[in-house]
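In: need the 3D shape of this:
(2 chains)
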Protein chains: 2
Amino acid sequence: MNLHTLIRDLREDNPSKIVLLVADGLGGLPLEPGGKTELESARTPNLDACAREGVTGLTVPVLPGITPGSGPGHLGLFGYDPLEYRIGRGILEALGIHFEVGPRDVAARGNFCTVDDGGLITDRRAGRPTTERCDEMCRLMQDIAILGLELFVEPVREHRFVVVFRGDGLGDAVNDTDPQQVGAAPLPAKGHDAASQKTADAVNRFVAEAARVLKPHAPTNMVTLRGFARYPKIDTVREVYGLRAAAIAVYPMYKGLARLVGMDVLDAGSTLRDQIDTLQRVWNDYDFFFLHFKYTDSTGEDGNFAAKVEMIERFDGEIPRVRALKPDVLIVTGDHSTPSKLKSHSWHPVPVLLVAKTCRPDAVTEFGETQCLRGGLGQIEAKYLMTLAMAHAGRLGKYGA
Amino acid sequence: MNLHTLIRDLREDNPSKIVLLVADGLGGLPLEPGGKTELESARTPNLDACAREGVTGLTVPVLPGITPGSGPGHLGLFGYDPLEYRIGRGILEALGIHFEVGPRDVAARGNFCTVDDGGLITDRRAGRPTTERCDEMCRLMQDIAILGLELFVEPVREHRFVVVFRGDGLGDAVNDTDPQQVGAAPLPAKGHDAASQKTADAVNRFVAEAARVLKPHAPTNMVTLRGFARYPKIDTVREVYGLRAAAIAVYPMYKGLARLVGMDVLDAGSTLRDQIDTLQRVWNDYDFFFLHFKYTDSTGEDGNFAAKVEMIERFDGEIPRVRALKPDVLIVTGDHSTPSKLKSHSWHPVPVLLVAKTCRPDAVTEFGETQCLRGGLGQIEAKYLMTLAMAHAGRLGKYGA
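Out: Numbers count the residues shown, from 1 in each chain, chains lettered A, B, ... in the order given. Predicted coordinates for the structure are as follows:
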């Protein structure tokens, strides 16, 4: 029996509140043998108190050894098997700008680039134009028409935009047109099957038209497209868990992921403090709150160990305001590890803590990778966290008589 | 999505080297309550150094409580789900003598036995004949013809040989003809379905003919057959992982298992020292090296605790020569446990260590069953070790955007 079917069968409603705090890329590595990770180096009195009071462990985002992108990482945390539910880059980008993608859509991420007179790319990001310029160039492309399809071109920021092709029978098995290097021309789109060839034909017509309208506007005189993706069919958090869910995120992609599973995406301001203000404000309106903190990941990606430590400490500093709301279940974890040492996402398991009145405590006294190895949750696939949250919230009945 | 499909999608090539050292039957049990296991009793300074430097844990060969044979044990270590990929004994034996089994073959393990005038078995191993005698008796049987099939009879050693039936539509659901006791006659073969009955008919004809040609040659005057098995279709390590893989094993069965997953089986000499010499010699020619050490298992099967301890120490003594090659990823584990106390394979999880620059260390200071319980890998199904090896070798890209 499928996990979601089981949860639908067993779920019960009550007035409990569940908070999922995601410090993106939380897990780390020591820089030196015998050293401490970022989380272990940070002074985190509030998270440590949670670890003592609740139960801890480590989550495996996908499977041992598999490094997730943000999409699979978050889907797992939301309780969706990331190997079953696959979200393409184009859809993520579209969701991130609040574009209402639908079942007849194929979305792609677009980049402005600069080409020379021979059509060869000289700058893959067109000199990182301003966002105003991005808006202006997108408006030029919005007049492009492709027979039999609806076309949407929407700016994201700087050199980035989204294209959505809307029509019947469009496949998404289409190659990226970005050749990933300068000195090469953008690649033609090809479909791996008939439906995808229909999309590829539209893509090639769009790119040819874009080249024509952008020609006088160097350095933003050409585009590349990648991450072609159809809108995935995903049951909402409300349908699966019966939860009214709110997402309090700052960055577009995480808003998009939350919208994909049916969460209400709230205006969250731009700082963690703003996000907690939002949490306080809407506390009575929802059952489940997903709060996303970006900077533990971005500092890790930058390879800046000290900055990641500082971001973890800043994150820790806001924990008391969350706890003051007295959530019935509080979960703190990351969607994956981003060790500063690797400057990238990694496959290493992610520390997790869960605080609820029904926790069976463990001997863990500080929130960190090494101590969490002894945690009561053990090492579990991230997709089970929501089931545990539901259980600790008293929202899951007994399975079987 | 299937694990192998995922790995094929994500894998990347690089010049890294992965070494998998398998000490067969490595895991053990204390003889007395409160005592130490064989591995914990052994003096293993080199393995302990690996455990401190890398990450440790325990592998579950198949599922909790399931004791694997050598086939499932190794398939798991090679990253093949041992419940999905099933290899019959006959195929293993055939592979072990370098017989080129193919898709139309059913192979069986044969034993010479001694029967009395009434056809009842008096010695199930025919007094353990010399291997020369085994060769000679097999030659007698090679003249047997069975209409519509090709037949191959190949000596292994002492009382053991292999029979391969080659033809169209042969099933392998055929019972063993060995009655597993003296004083009984060999059992007739029966097929559990029509295709297997076709095989069983051929088996019965073969056994009748064998009895006729061997009659004057007591004590090797009869045969029993068991482990009827078809050739399984298995994607190679090259196809799944993109690895050029070498097997450095001494015993036929392990060579056969490695050949089954497409590894090059190298001439490995006869001692562990020879095997490491081979490893050194071919270091530049492969990406992945499987090195099999048999004697930790055979001493366990003998119930000789002290001898198993000694074999573990001998194994430990060769570790520095392996590390001197500076593999990017070094894994040391067993295919299953073989506690001397039980004199047999067992289901107990197997200590594992992994050394790589990207390890998140744990608090384990010595390589042993009890300490590995606190290891950073946790207790994982053995089939995920290869995924972890690929990740630590930098050979797996990110899953999803």
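In: pull the number of nearby residues for whatever residue of the stretch 251-400 of chain A ends up closest to chain B.
Out: When scored by Cβ to the nearest Cβ, the stretch 251-400 of chain A has A:Q379 as its residue closest to chain B, at 4.1 Å. Backbone N, C-alpha and C define where each C-beta goes, glycine included. When neighbours are defined as other Cβ atoms under 10 Å in any protein chain shown, A:Q379 has 21 of them.
In: dump the top strand by length along chain A to CSV, restricted to CA.
Out: In chain A, taking DSSP state E as the definition, the longest strand is strand A:105-115. The C-alpha coordinates for strand A:105-115 follow below in CSV (Å, rounded to 0.1, in the frame of the first residue of the first chain):
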residue,chain,number,x,y,z
ASP,A,105,2.0,23.6,-20.2
VAL,A,106,5.6,22.9,-21.0
ALA,A,107,7.8,25.4,-19.1
ALA,A,108,11.5,26.1,-19.7
ARG,A,109,14.1,28.3,-18.0
GLY,A,110,15.5,30.9,-20.4
ASN,A,111,18.7,32.8,-20.3
PHE,A,112,19.6,35.9,-22.2
CYS,A,113,23.0,35.5,-23.9
THR,A,114,25.2,37.5,-26.2
VAL,A,115,26.1,36.2,-29.7
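In: which elements pack onto whatever helix or strand comes next after that strand?
Out: Using DSSP states H and E, the helix or strand that follows strand A:105-115 in sequence is strand A:121-123. Applying 3 or more Cβ pairs under 8 Å, 6 or more residues apart in numbering or on different chains; DSSP states H and E, one finds that strand A:121-123 contacts strand A:105-115.
In: chain B contacts on the stretch 51-200 of chain A?
Out: A:58, A:62-73, A:82-84, A:86-89, A:92 (Cβ under 8 Å from any Cβ of the partner chain).
In: do a quick rundown of the strands in the stretch 251-400 of chain A.
Out: For the stretch 251-400 of chain A, the strands defined by DSSP state E, counting those that start in this stretch occupy A:264-265, A:288-293, A:329-333, A:350-355, A:379-381.
In: in JSON lines, list the ones you listed along with mean pLDDT.
Out: Formatted as JSON lines, the strands of the stretch 251-400 of chain A follow (pLDDT from 0 to 100):
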{"stretch": "strand A:264-265", "mean pLDDT": "94"}
{"stretch": "strand A:288-293", "mean pLDDT": "98"}
{"stretch": "strand A:329-333", "mean pLDDT": "98"}
{"stretch": "strand A:350-355", "mean pLDDT": "98"}
{"stretch": "strand A:379-381", "mean pLDDT": "97"}
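In: okay, the ones you listed in CSV with distance to B:T338 next?
Out: Converted to CSV, these look like this (distance: least, Cβ to Cβ, whole Å):
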stretch, distance to B:T338
strand A:264-265, 56
strand A:288-293, 48
strand A:329-333, 39
strand A:350-355, 35
strand A:379-381, 26
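In: what distance do you get for the closest residue to A:H292 other than its chain neighbours to chain B?
Out: Distances taken as Cβ to Cβ, 6 or more residues apart in numbering or on different chains put A:A249 closest to A:H292, at 3.8 Å, once the chain neighbours are dropped. Taking Cβ to the nearest Cβ, to the nearest Å as the measure, A:A249 falls 16 Å from chain B.
In: and A:A249, what is it in contact with?
Out: Going by Cβ atoms under 8 Å, 6 or more residues apart in numbering or on different chains, A:A249 touches A:255, A:258, A:265, A:268, A:275, A:290-292, A:294.
In: pick the one among those residues closest to A:Y384.
Out: Closest to A:Y384 out of the contacts of A:A249 is A:F290 (16.6 Å), distances taken as Cβ to Cβ.
In: can I assume that closest one is in contact with A:L75?
Out: No: between A:F290 and A:L75 there is no contact under Cβ atoms under 8 Å: 12.0 Å.
In: who has more neighbours out of the two?
Out: In terms of neighbours (other Cβ under 10 Å), A:L75 is the more surrounded of A:F290 and A:L75; the figures are 29 against 26.
In: the more buried one contacts A:Y85, correct?
Out: Yes: assessed by Cβ under 8 Å, A:L75 is found in contact with A:Y85 at 5.3 Å.
In: show me what contacts A:V203?
Out: By Cβ under 8 Å, 6+ apart, A:V203 lies in contact with A:108, A:165, A:174, A:177, A:189, A:225, A:228.
In: farthest-separated two in the residues you listed?
Out: Greatest spacing in the contacts of A:V203, by Cβ to Cβ: A:F165 and A:T177 (13.4 Å).
In: in strands, which of the residues of the stretch 51-200 of chain A next to chain B appear?
Out: Those of those mapping onto strands are A:L58, per DSSP E.
In: and the residues of the stretch 51-200 of chain A next to chain B, which are buried?
Out: A:58, A:62-73, A:82-83, A:87-89, A:92 (16 or more other Cβ atoms under 10 Å in any protein chain shown).
In: so A:A210 sits right up against A:V223, yeah?
Out: Yes: contact criterion Cβ under 8 Å: A:A210 and A:V223 qualify, at 5.0 Å.
In: now for those two: what residues contact both?
Out: In contact with both A:A210 and A:V223: A:M141, using Cβ under 8 Å, 6+ apart.
In: compare these two (neighbour count), which wins?
Out: Ranked by neighbour count (other Cβ under 10 Å), A:A210 and A:V223 place A:V223 first, with 27 against 22.
In: distance from the chain centre to whatever helix or strand the more buried one lives in, please.
Out: Taking DSSP H and E as the definition, one finds A:V223 inside strand A:222-230. Strand A:222-230 has its C-alpha centroid displaced from the chain centroid by 19 Å (Cα atoms, centre = their mean, to the nearest Å).
In: direction included, what does it pair against?
Out: Pairing partners of strand A:222-230, with direction, according to DSSP bridges: strand A:105-115 (antiparallel).
In: now the partner strand, how far from the centre of its chain.
Out: Centroid separation for strand A:105-115 versus its chain: 20 Å, with Cα atoms, centre = their mean.
In: stretch A:210-223 now?
Out: Distance of stretch A:210-223 from its chain centroid, counting by Cα atoms, centre = their mean, is 31 Å.
In: for that stretch, how far is the first residue from the last?
Out: Distance between the two ends of stretch A:210-223: 7 Å, counting by Cα to Cα, to the nearest Å.
In: mean confidence score for it?
Out: Mean pLDDT, computed over stretch A:210-223, is 97.
In: likewise stretch A:140-157?
Out: On average, stretch A:140-157 scores 95.
In: any idea how far stretch A:136-145 is from the chain center?
Out: Offset of stretch A:136-145 from its chain centre (Cα atoms, centre = their mean): 28 Å.
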